[in-house]
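Peer 1: sequence below, structure please.
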Amino acid sequence: MLRPLAVAAALVLPPPALAGAEEFTAVRDRDTFVSLISGRDLSLPLFRVRLEVRPDGRIEGSALGWGVTGTWDWRDGYFCRQMDWSGKAIPYNCQLVEVRDGRELRFTVDRGRGESAIQAGMTAGSR
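Peer 2: Model prediction:
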(Lines give C-alpha, C1' and ligand atoms only; values in the text may rest on other atoms or scores of the structure.)
Protein backbone atom coordinates (compact mmCIF):
# COMPACT_ATOMS: atom_id res chain seq x y z
CA MET A 1 0.00 0.00 0.00
CA LEU A 2 1.23 3.47 -0.82
CA ARG A 3 2.42 5.20 2.33
CA PRO A 4 0.47 8.32 3.30
CA LEU A 5 3.68 10.36 3.22
CA ALA A 6 4.09 9.63 -0.49
CA VAL A 7 0.51 10.58 -1.26
CA ALA A 8 0.50 13.53 1.10
CA ALA A 9 3.59 15.19 -0.23
CA ALA A 10 3.91 13.57 -3.68
CA LEU A 11 7.62 13.41 -3.19
CA VAL A 12 10.43 11.37 -4.68
CA LEU A 13 13.31 10.07 -2.58
CA PRO A 14 16.59 11.56 -3.75
CA PRO A 15 18.73 9.39 -6.01
CA PRO A 16 22.28 8.70 -4.78
CA ALA A 17 23.70 10.83 -7.60
CA LEU A 18 22.43 13.95 -5.85
CA ALA A 19 24.58 13.35 -2.77
CA GLY A 20 27.18 16.06 -2.38
CA ALA A 21 25.36 18.48 -4.69
CA GLU A 22 24.50 22.01 -3.60
CA GLU A 23 22.95 22.08 -0.15
CA PHE A 24 19.27 22.67 0.55
CA THR A 25 18.22 25.90 2.24
CA ALA A 26 15.11 26.33 4.33
CA VAL A 27 12.13 28.17 2.88
CA ARG A 28 11.21 30.56 5.69
CA ASP A 29 8.15 32.42 4.39
CA ARG A 30 4.88 31.77 2.61
CA ASP A 31 5.60 34.08 -0.34
CA THR A 32 8.80 32.23 -1.22
CA PHE A 33 7.00 28.88 -0.95
CA VAL A 34 4.17 30.09 -3.19
CA SER A 35 6.66 31.34 -5.79
CA LEU A 36 8.26 27.88 -5.86
CA ILE A 37 5.03 25.88 -6.25
CA SER A 38 2.82 28.28 -8.21
CA GLY A 39 1.84 26.79 -11.57
CA ARG A 40 3.71 23.55 -10.85
CA ASP A 41 2.62 20.01 -10.06
CA LEU A 42 4.21 17.92 -7.37
CA SER A 43 4.35 14.44 -8.84
CA LEU A 44 5.41 10.88 -8.20
CA PRO A 45 4.98 9.15 -11.59
CA LEU A 46 5.62 5.61 -10.34
CA PHE A 47 2.46 5.80 -8.19
CA ARG A 48 0.57 8.09 -10.58
CA VAL A 49 0.52 10.90 -8.02
CA ARG A 50 -0.01 14.48 -9.12
CA LEU A 51 -0.81 17.28 -6.71
CA GLU A 52 -1.36 20.97 -7.21
CA VAL A 53 -0.69 23.03 -4.10
CA ARG A 54 -2.53 26.24 -4.88
CA PRO A 55 -1.65 29.68 -3.52
CA ASP A 56 -5.21 30.06 -2.15
CA GLY A 57 -4.69 27.21 0.34
CA ARG A 58 -6.27 24.37 -1.62
CA ILE A 59 -4.67 21.10 -2.65
CA GLU A 60 -6.09 19.09 -5.54
CA GLY A 61 -4.90 16.14 -7.54
CA SER A 62 -4.90 12.39 -7.75
CA ALA A 63 -3.02 9.32 -6.57
CA LEU A 64 -3.36 5.90 -8.15
CA GLY A 65 -6.36 7.22 -10.06
CA TRP A 66 -8.26 8.37 -6.96
CA GLY A 67 -8.91 11.98 -6.07
CA VAL A 68 -6.91 13.90 -3.52
CA THR A 69 -8.20 17.09 -1.94
CA GLY A 70 -7.04 19.15 0.98
CA THR A 71 -6.02 22.44 2.44
CA TRP A 72 -2.75 23.98 3.54
CA ASP A 73 -1.49 27.00 5.39
CA TRP A 74 1.88 28.46 6.31
CA ARG A 75 2.40 28.44 10.06
CA ASP A 76 5.52 29.57 11.94
CA GLY A 77 7.78 28.83 8.96
CA TYR A 78 6.25 25.45 8.07
CA PHE A 79 3.97 24.10 5.33
CA CYS A 80 1.01 22.62 7.21
CA ARG A 81 -1.48 20.47 5.34
CA GLN A 82 -4.44 18.17 5.80
CA MET A 83 -5.74 16.00 2.97
CA ASP A 84 -8.23 13.37 1.94
CA TRP A 85 -7.36 10.55 -0.46
CA SER A 86 -10.68 9.28 -1.80
CA GLY A 87 -12.21 9.04 1.66
CA LYS A 88 -9.02 8.20 3.57
CA ALA A 89 -7.98 11.06 5.83
CA ILE A 90 -4.34 12.07 5.74
CA PRO A 91 -3.86 13.83 9.08
CA TYR A 92 -2.70 17.40 9.56
CA ASN A 93 1.07 17.71 9.60
CA CYS A 94 3.50 20.62 9.46
CA GLN A 95 6.56 20.11 7.29
CA LEU A 96 9.89 21.84 6.90
CA VAL A 97 10.34 22.86 3.26
CA GLU A 98 13.79 23.32 1.77
CA VAL A 99 14.90 24.21 -1.74
CA ARG A 100 17.97 23.44 -3.85
CA ASP A 101 18.72 25.06 -7.21
CA GLY A 102 15.22 26.57 -7.28
CA ARG A 103 13.88 23.30 -8.72
CA GLU A 104 14.09 20.67 -6.02
CA LEU A 105 12.00 20.82 -2.87
CA ARG A 106 12.62 18.70 0.19
CA PHE A 107 9.71 18.18 2.57
CA THR A 108 10.45 16.86 6.07
CA VAL A 109 7.44 15.88 8.16
CA ASP A 110 6.91 16.69 11.83
CA ARG A 111 8.44 20.18 11.57
CA GLY A 112 11.70 18.84 10.23
CA ARG A 113 12.10 15.99 12.72
CA GLY A 114 10.64 13.13 10.65
CA GLU A 115 11.14 11.47 7.30
CA SER A 116 12.29 13.54 4.35
CA ALA A 117 11.58 13.21 0.67
CA ILE A 118 12.43 15.28 -2.39
CA GLN A 119 10.32 16.53 -5.25
CA ALA A 120 12.90 16.76 -8.02
CA GLY A 121 12.37 18.72 -11.20
CA MET A 122 8.83 19.94 -10.63
CA THR A 123 6.80 20.00 -13.80
CA ALA A 124 4.65 22.78 -15.14
CA GLY A 125 0.99 22.01 -14.60
CA SER A 126 -1.54 21.81 -17.39
CA ARG A 127 -3.66 24.70 -16.24
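Peer 1: for residue 71, give its distance to residue 44.
Peer 2: Applying Cβ to Cβ, to the nearest Å, the value for residue 71 to residue 44 is 20 Å. Yep, even glycine has a C-beta here, placed from its N, CA and C like the rest.
Peer 1: who has more neighbours, those two?
Peer 2: The neighbour count for residue 71 versus residue 44, taken as other Cβ atoms under 10 Å, is higher for residue 44 (20 against 15).
Peer 1: return the per-residue confidence for that one.
Peer 2: Here the pLDDT value assigned to residue 44 is 75.
Peer 1: for the longest strand seen in the chain, name the packing helices and strands.
Peer 2: Using DSSP state E, we find that the single longest strand of the chain is strand 88-100. The contact analysis (3 or more Cβ pairs under 8 Å, 6 or more residues apart in numbering; DSSP states H and E) places strand 88-100 against helix 4-9, strand 25-26, strand 78-85, strand 104-108, helix 109-112.
Peer 1: after the second one, which helix or strand is next? Please name it.
Peer 2: Right, the one you point to is strand 25-26. As assigned by DSSP states H and E, the chain's next helix or strand after strand 25-26 is helix 30-37.
Peer 1: about what we covered before: now the longest strand of the chain: buried residues?
Peer 2: By 16 or more other Cβ atoms under 10 Å, the buried positions in strand 88-100 come out as 90, 93, 94, 95, 96, 97, 98, 99, 100.
Peer 1: where does the prediction get shaky in this structure?
Peer 2: Within the chain, the stretches with pLDDT under 70 are 1-21, 121-127.
Peer 1: quick revisit: would you list the helices and strands packed on strand 88-100 in CSV and tack on distance to residue 59 and mean neighbour count?
Peer 2: Shown next, in CSV, are the helices and strands packed on strand 88-100 (distance: least, Cβ to Cβ, whole Å; neighbours: other Cβ atoms under 10 Å):
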stretch, distance to residue 59, mean neighbour count
helix 4-9, 9, 22
strand 25-26, 21, 12
strand 78-85, 6, 19
strand 104-108, 13, 22
helix 109-112, 15, 16
